[in-house]
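# Task: produce atomic coordinates for the following.
(2 chains)
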Amino acid sequence: MIDTPVLERVLGQALRQGGDFAEVFAEDRSSQSAVLDDGRVEELASGRERGAGVRVICGETTGYAHTADLSEAGLLRAAETAAAVAHGGGEGWTVPSDPRLGARGGSVAGERSLATMSKAETLELLRRADEAARSSGGAISQVQAGYGGSLRRVLVANSEGVLATDDQYRTRFSVSCVAVGDTGLQTGFETAARTIGTELFDDISVEDLARAAATRAIAKLSARPAPSGEVPLVLAGGSGGILFHEACGHGLEADHILKAASVYAGRIGQRVASPLVTLVDDGTVGSEWGTFAVDDEGRPAQRNVLIEDGVLTDYLWDYLRARKEGRVPSGNGRRQSYQHLPMVRMTNTFLLPGEDDPDAIVADTPRGVYVAKLGGGQVNTTTGDFVFGTTEAYLIEDGKITAPLRDANLIGNGPEILTRIDAVATDFAMTPGTCGKDGQSVPVGCGQATLRITGVTIGGTAE
Amino acid sequence: MSATTGTGRPASTTADAGTGGDLLRLAERVAGWAGPEEEVEVFVARGEETEIRAYEGQVESLTSATSAGVGIRVVSDHRLGFAWAGTLDEELLGATLDAARDNARYATPDEHVRLAVPDHVPAVPVDRWDDGLASVPTSAKVEMVLALEARARGGDPRIRQVSSADYGDGAVETALVSTTGIRSANRRTSGFLSVGVIAGEGDASQTGSGFTVGRGVADLDPERAASEAVNRAVRMLGATKGPSGRASVVFDRRAVTTLLAVLSSALSGEAVSKGRSFFAGRIGEEVGSGLVTLVDDPTDVRAYGASAYDAEGLACRRTVLVDRGVLRGFLYDTIAGSRAGVASTGAAVRGGYAGTPSPGCRALTLAPGPEGYDEAGVLGAVGDGVYVQSMTGVHSGVNPVSGDFSVGVEGLMVRDGGLAEPVREITVASTLQRMLQSLQVVGADVEWFPGIAAGQTVAFGDMQISGA
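Numbers count the residues shown, from 1 in each chain, chains lettered A, B, ... in the order given. The predicted structure is shown next:
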């Protein structure tokens, strides 16, 4: 994308007035998407975005400037701006020697490119999904199927000699259904998303995906209102894993920790969860949605154990926060695009599987709620209070899964809920998601096996 | 068809006086590349922004940036294709048009697919541009955010931390030209200050946030943002998990703007025609109590989303959606309108150059209640219940298709017509349909917030609270 001598000159310019650290992050992203809605191929879209951001750290202050102009002149202007703003706000800096860049590269994905599947072939997938959803039941009144593929090429060079590149292929396919009945409208959604090219479709069946979405919408037509109040909860394996993302994942991000804006600050080495909980964040897992070769600061993705047998072992780190604490970053510096500063983000966050049988967990629960699929969630890291929503849930009565329930949010406090996990099964599965923080969205994975929480508040309308 | 058909060209307004004529010329030039058998719409945007974050008396980060991009829609044989690029580089403009053309070849032919044509509705001049913003030096912006941080920190002895203090501003200019006779330009500036604080007492910590927005620096009220954040955090100290049961629920103004924004997606003519709204097929029916009057009016200059032109270059206009409980209309862009057999209501919105237009609100309001009904007035009328200061899980717990509603809440109990002890870790649930029917009290304290809706204090009767 940019020649090494140019990068060296830009980094030199960024530190010409001094400063502790300079970095160039360049990105070239191509995307292609298609939507079939209301029985018609409504919109094919192509997008292209490329640009670079220059970061200069000077004492406690970070200056950042970004530009869509990847010429040397454009990059030098961004470097000057970033340096000027960094010096405008801070004090006390050192003058490093001229940077000499090493090389570190990587690519997670297969060799297949965006173009190996023709537009006609992707449309055929959408049509097949539409047909499968509509033939799942007469109640299905509307189907939207979407395909999205992107290639994100990133290059990171910094004044500490890092030169890294990564080609990130991502492919996503989703189906959203509406079912209509006497009780009104209900919705069902299912998605598959991986950090690979169109090889995704070698591994998944778009028909299965469509039928899952349709069945979910149809089931809820006969759903009763969810209960209100505290209930035992069984979460199905691969139901979302968002529980851990919200209950503790965000609270373990070092930016929150260093500002004392997390209930987990100062608790390394302490028991924060049931002994059944071993939580891992790992950006290297296969081709999961949160996987990459190097993060957006040029650091290789790695596996980080955050909670081991219930004891808090570590937080997640980006360059800036790791530097403040005199330690190495953990490969969790990510950004939405070159138009954003990196910050601490999760990758694939998951609970290691346990030893219980998933069916036995349900059978051992006299009354409660079984969640087959979760939607999104949200957390206040300072108080630890978090919510997560169901999109497919059932009552458990006498150890059996019975009546379907309408959608509701569950609410709990992270440190309390983590201690209430009393069973974890073997049926581990990952799901993709989009994580939003401070206005930036990044792809993440979440994973967990079937588990039980002895008590959590569900916000339905049934008394 | 020429790129600048004279007839029906929207009247020039103060909103486009002085707007980058070079952007219009660029859009005209690209639209001029259209072939004889196709219609082309070119949207170009260019912006500048500054973001500053303060922490513990220092600038933590400062971002300065410019950006630009183009989004092109091509319609040929009733088929639509779209492409965009995050640059105005000459070499990519032609490639973007070609990509949109190629995409159109694969779409399903649809008689309703078309670009907007001028409808001769005059645009109301709406000025959301502050000339002064460009001359504010960065050092003055830095001083503002440092002062905000210090003010929040010193706002109460129980404030332990200012977790974020941000200044941001932006100036965006856009131009839209089509081969169907559309030619419009928009521009706007915006500025904001926002602050998040942590209050503590013993082991307990609570958070609060405050913000102030405007067209530029002069509109900002940092004192108010800081005191709002401090007050919201401090009054939550000592919060416990609230009790379960049925109760009246009072939503504060900020929560109401969120509720209206969610409700607005059920008022989109596209959602209605595709069977994705619980309002579908109910025009003329009673969908709420007599207190429910909902109007989208982007010509109201006080609205954050006010605009002279919509995202297809038609004049923005006032649309009555619900009148005293009776459903009266939906919002349409050109394609959704054609599908429903009506004209566009000038309600196309788009998420920048990388998005295509779709119908949506810009300035939704719930008609205010009786004069003098401020927050205290609403609380007094309600007597007992729960007051919602902030909601979580709106995206995961509110479904504008089914109407199911379940959100996490923090706030205070309402007792004897006033605010009482703080509560947290509870949910409030109902359905949007039932909430419209059970709207109990509407405040007159309307405030415009960033986003697409205003808000005032509002109370709903009989909602389900889930807690301890």
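
# which ones are touching residue 423?
Looking at chain A here, since you left the chain open. Contact partners of residue A:423, counting by Cβ atoms under 8 Å, 6 or more residues apart in numbering or on different chains, are A:276, A:354, A:356, A:361, A:364, A:451, A:452. Placement of C-beta: from N, CA and C, glycine included.

# actually chain B
B:239, B:240, B:241, B:242, B:386, B:410, B:411, B:412, B:413, B:467.

# Chain A: which of these is nearest?
In terms of Cβ to the nearest Cβ, no member of those lies closer to chain A than residue B:467, at 6.5 Å.

# confidence score at the closest one?
What the model reports for residue B:467 is a pLDDT of 95.

# Can you pull the phi/psi pair for it?
The phi/psi pair for residue B:467 (degrees, to the nearest 10) reads phi -150, psi -140.

# With residue A:139 as the reference, measure out to it.
According to Cβ to Cβ, to the nearest Å, residue B:467 and residue A:139 sit 35 Å apart.

# Pick out whichever of those two has more residues nearby.
Set residue B:467 next to residue A:139 and count neighbours by other Cβ atoms under 10 Å in any protein chain shown: residue B:467 wins out with 23 against 16.

# and the more buried one, what does it touch?
Per Cβ under 8 Å, 6+ apart, neighbours of residue B:467: A:229, A:457, B:241, B:242, B:243, B:244, B:423, B:425, B:426, B:427.

# State the distance from the fifth one to residue A:430.
Just to be clear, that refers to residue B:243. Residue B:243 is 38 Å from residue A:430, by Cβ to Cβ.

# The two: which is more packed in?
For residue B:243 and residue A:430, the more surrounded residue by other Cβ under 10 Å is residue A:430, and the numbers stand at 21 against 15.

# Farthest pair within the contacts of residue A:423?
A:276 and A:364 (14.5 Å; Cβ to Cβ).

# Pick out whichever of those two has more residues nearby.
A count of neighbours by other Cβ under 10 Å puts residue A:276 above the other of residue A:276 and residue A:364, at 19 against 14.

# For the residue lying closest to the more buried one once chain neighbours are set aside, give the beta-bridge partners.
Spatial nearest neighbour of residue A:276, chain neighbours left out: residue A:424 (4.7 Å); criterion: Cβ to Cβ, 6 or more residues apart in numbering or on different chains. Beta-bridge pairing for residue A:424 (DSSP bridges): residue A:451.

# From what I see, residue B:62 and residue A:64 are in contact.
Yes. Contact criterion Cβ atoms under 8 Å: residue B:62 and residue A:64 qualify, at 7.0 Å.

# Which residue of the two possesses the greater neighbour count?
Comparing residue B:62 with residue A:64 by other Cβ under 10 Å, the one with more neighbours is residue B:62, at 29 against 26.

# Just confirm that one is within a helix.
No. Counting by DSSP: H, G, I helix; E, B strand; the rest coil, residue B:62 falls outside a helix, being strand.

# list the contacts for it?
A:61-64, A:85-86, A:88-89, B:50-53, B:138, B:142 are the contacts of residue B:62 under Cβ under 8 Å, 6+ apart.

# And the pLDDT at the closest residue in space to residue B:354 that isn't next to it in sequence?
Excluding the flanking residues, the one nearest residue B:354 by Cβ to Cβ, 6+ apart is residue B:84, at 4.6 Å. Here, the pLDDT recorded for residue B:84 equals 98.

# Now the element after the helix or strand where residue B:84 lies, going C-ward?
For residue B:84, the element it lies in under DSSP states H and E is strand B:79-85. Where DSSP H and E defines the elements, the next helix or strand beyond strand B:79-85 is helix B:90-104.

# same question for that next one, mean pLDDT?
Averaged across helix B:90-104, pLDDT comes to 95.

# Past that helix, which element shows up next along the chain?
helix B:138-153.

# Contacts (any at all) between chain A and the helix or strand that that following helix is followed by?
Downstream of helix B:138-153, the first helix or strand assigned by DSSP H and E is strand B:159-178. Yes. Strand B:159-178 is in contact with chain A by Cβ under 8 Å from any Cβ of the partner chain, via B:160, B:161, B:163.

# Closest to chain A out of the residues you listed?
Closest to chain A, out of all of those and judged by Cβ to the nearest Cβ, is residue B:163, at 4.4 Å.

# Next up, the contacts around the closest one.
A:259, A:261, A:382, B:196, B:197, B:198, B:207.

# Most neighbours among those, which one?
residue B:197 (31 neighbours).

# picking that back up, could the contacts of residue B:467 go into a markdown table alongside pLDDT, distance to residue B:335 and secondary structure?
Output for these, formatted as a markdown table (pLDDT from 0 to 100; distance: Cβ to Cβ, whole Å; DSSP: H, G, I helix; E, B strand; the rest coil):
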| residue | pLDDT | distance to residue B:335 | secondary structure |
| --- | --- | --- | --- |
| A:229 | 96 | 46 | strand |
| A:457 | 97 | 43 | strand |
| B:241 | 95 | 48 | strand |
| B:242 | 92 | 46 | coil |
| B:243 | 92 | 49 | coil |
| B:244 | 95 | 46 | coil |
| B:423 | 98 | 46 | strand |
| B:425 | 96 | 44 | strand |
| B:426 | 97 | 42 | strand |
| B:427 | 97 | 38 | strand |
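
# Just the closest of these to residue A:200, please.
Nearest to residue A:200 among those, counting by Cβ to Cβ, is residue B:427 at 36.1 Å.

# quick one, what contacts the closest one?
By Cβ under 8 Å, 6+ apart, the contact list for residue B:427 reads A:228, A:387, A:408-409, A:411, A:457-459, B:397, B:406-409, B:465-467.

# Max pairwise distance over these: which two?
Farthest-apart pair in the contacts of residue B:427 is B:397 and B:467; separation 15.4 Å (Cβ to Cβ).

# that older thread, identify the contacts common to residue B:62 and residue A:64.
residue A:85.

# helices or strands next to the lengthiest helix in chain A in the packing?
As assigned by DSSP state H, the longest helix anywhere in chain A is helix A:72-89. Judged by 3 or more Cβ pairs under 8 Å, 6 or more residues apart in numbering or on different chains; DSSP states H and E, helix A:72-89 is in contact with helix A:4-14, strand A:21-37, strand A:40-58, strand A:61-67, strand B:58-76, helix B:138-153.
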